[in-house]
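Student: fold the following and give me the result.
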Amino acid sequence: MGDVADLVVVGGGAAGLACAVTAVRLGLAAVILERTDRCGSKLAVTGGGKGNFTHAEPPRAMAKKFDCDVRLTVPLLRKFPYQRIVEFFSSLGIDARTDADGCVWPVRADAAGIRDAMVRETVARGGLVKTGCRVTGLEPGWRIRLADGSIVAARNVCLATGGASYPRTGSTGDGLALCRGLGLATVDWFPALASLRTRDDLSGLAGVTQPMVEMTLLVAGSEPRTATGHFIFAHTHVSGSSVLNLCGHAARALAERKQVVLRVDWVPGRSATELAEEFAAARVGHPTRQLGTFLGSFMARRLAARLCATAGVPVDRLLAHLSRTEQESIIGQLRATEFPITGTEAIERATVTGGGVALDEVDLKTMTARRFPGLYFAGEVLDVWAETGGYNLHFAWATGIRAAESVAASRNGT
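Tutor: Residues are numbered from 1 along each chain as shown. Model prediction:
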């Protein structure tokens, strides 16, 4: 592939593209090696294809959304607040808008447009994008071995191979094998943002959604974890942002063979006393209304029927005939329905995977490997994951840009 590159980026996903764009802008001879026939395939479907690419939040608040000690990520996030990421994409011709929840989206573009803009910039500034190149080995020096037997030489390498979800997009988990070949410590992949499988038969509720719930993940021997967001029933799983944000913690607990229970508050913000007052007012105002109809003001009728069955109260019970014990039982279900969790959705379908290169191996201030000069990391290949809302992509951009900056600084002796 010609002369020795200043930087070879292994992986043309979000982190790899950000790294390459920054590298060529800093005057580095950069090459992307992408195993599929097109860069950024997973990026192109992010946020339902709409491309929620960061979150409007201060660095320390953002750091709390990641599943690691905030002290590890705060320095990086302070160097890359969301405004800097917005400016980065503005320089590529992609303007941003922020929604009411703080999610930042591209204007007049989508996720594929973000990908295309970065590829164009890389090529326009002299970078090379090589597709159909599967890397099978790394040798300090750096010599990069490809599946076809050829060798690519580089002064520096950035591993941006992604995680192990959606393998058809190129995220096949190859990065761990490459790192293990070097003797680097790694953590096995697991689903970090994925649906959860329950012991209960939920087929009768498939398609039912609740726009806002509060979830509590109960793991034997651990402090409860909470999340808020929407909730979706599927045939064999429960999903929605509230579930996804607890999945990684559930997956680790299940791997350790711990008992895991998901507790759902369907009416967050309402206390038992407030609900009792609403029941009392409805009983006075509409004594002949059926319980299921009344609960329909809180949720879908199918879900209301399920809660009634779990509480042992007929769904057609008239409010006037509802006993105190039955009311308390229903309120208990409204505020704390429990689902025993038995597993996660297949890792191949996870939005984001946990696991990757152990953080002890990496200086997160520069993205350099502590034991291998000239080796850098970016994105999901690292053992870092965050909640939904643009945080994982923010980490990809920040680490990719920082890796390229570090290579340039090393070349310039700064």
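Student: what segments of the stretch 51-200 of the chain are strands?
Tutor: Applying DSSP state E, counting those that start in this stretch to the stretch 51-200 of the chain gives strands spanning 54-55, 96-98, 103-106, 128-131, 135-139, 143-146, 151-153, 157-159, 186-193, 196-198.
Student: the fifth one - contacts with which helices or strands?
Tutor: I take that to be strand 135-139. strand 143-146, helix 174-181 (3 or more CB pairs under 8 Å, 6 or more residues apart in numbering; DSSP states H and E). Where C-beta positions appear, they are placed from N, C-alpha and C, glycine not excepted.
Student: gap between the lengthiest strand in the chain and the chain center?
Tutor: If you go by DSSP state E, the chain has its longest strand at strand 209-219. Centre-to-centre, strand 209-219 and its host chain are 17 Å apart (CA atoms, centre = their mean, to the nearest Å).
Student: can you list the strands that that strand pairs with?
Tutor: Strand pairing for strand 209-219, using DSSP bridges, gives strand 225-233 (antiparallel), strand 260-265 (antiparallel).
Student: export these to CSV and tack on mean neighbour count, distance to A386 and mean pLDDT?
Tutor: Formatted as CSV, these follow (neighbours: other CB atoms under 10 Å; distance: least, CB to CB, whole Å; pLDDT from 0 to 100):
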stretch, mean neighbour count, distance to A386, mean pLDDT
strand 225-233, 18, 12, 95
strand 260-265, 20, 20, 97
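Student: dump these to TSV, plus distance to S195.
Tutor: Below are those laid out as TSV (distance: least, CB to CB, whole Å):
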stretch	distance to S195
strand 225-233	8
strand 260-265	11
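Student: what about G141, how many neighbours?
Tutor: Applying other CB atoms under 10 Å, we find 11 residues neighbouring G141.
Student: mind listing what's buried in the host helix or strand of E338?
Tutor: Using DSSP states H and E, E338 maps to strand 337-344. Within strand 337-344, the residues that count as buried by 16 or more other CB atoms under 10 Å are 337, 339, 341, 343-344.
Student: rounded mean pLDDT for it, please.
Tutor: Here strand 337-344 scores 96 as its mean pLDDT.
Student: how far does it sit from the chain's center?
Tutor: Using CA atoms, centre = their mean, the offset of strand 337-344 from its chain centre is 20 Å.
Student: after that strand, next one along is what?
Tutor: Counting by DSSP H and E, the next helix or strand C-terminal to strand 337-344 is strand 352-357.
Student: what are the contacting residues of that next one?
Tutor: 67, 159, 163-165, 171, 173, 175-176, 179, 184-193, 248, 251-252, 347, 377, 380-386, 392 (CB atoms under 8 Å, 6 or more residues apart in numbering).
Student: filter those down to the buried ones, PyMOL style.
Tutor: In PyMOL syntax, the buried subset of these is picked out as below (16+ other CB under 10 Å):
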select buried, resi 159+163+164+165+171+173+175+176+179+184+186+189+190+191+192+193+248+251+252+347+377+380+381+382+383+384+385+386+392
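Student: about what we covered before: paired strands for the strand holding E338, with orientation please.
Tutor: strand 196-198 (antiparallel), strand 260-265 (antiparallel).
Student: any regions of the chain where pLDDT drops low?
Tutor: Residue ranges of the chain with pLDDT under 70: 1-2, 414.
Student: next, the angle from the longest helix seen in it to strand 186-193.
Tutor: For the chain, the longest helix by residue count, based on DSSP state H, is helix 391-412. Per axes from the mean of the first three to the mean of the last three CA atoms, to 10 degrees, the angle that helix 391-412 makes with strand 186-193 is 140 degrees.
Student: check which residues of helix 391-412 are buried.
Tutor: For helix 391-412, by 16+ other CB under 10 Å, it's 391-408, 410.
Student: to what extent is A282 buried, counted in neighbours?
Tutor: Number of residues near A282 (other CB under 10 Å) recorded here: 18.
Student: is it true that it touches F294?
Tutor: Yes. Assessed by CB atoms under 8 Å, A282 is found in contact with F294 at 5.4 Å.
Student: pick out the residue closest to the middle of this structure.
Tutor: For the chain, the residue nearest the mean C-alpha position is V352 (4.3 Å; CA atoms, centre = their mean).
Student: ok, P58 - contacts?
Tutor: Here P58 is in contact with P81 (CB under 8 Å, 6+ apart).
Student: need phi/psi at it.
Tutor: phi -60, psi 150 (degrees, to the nearest 10).
Student: ok, it to C68 distance?
Tutor: Using CB to CB, to the nearest Å, we find P58 at a distance of 18 Å from C68.
Student: OK, contacts around the closest residue in space to A300 that isn't next to it in sequence?
Tutor: Distances taken as CB to CB, 6 or more residues apart in numbering put V208 closest to A300, at 4.7 Å, once the chain neighbours are dropped. V208 makes contact with 232-233, 299-300, 302-303 under the criterion CB under 8 Å, 6+ apart.
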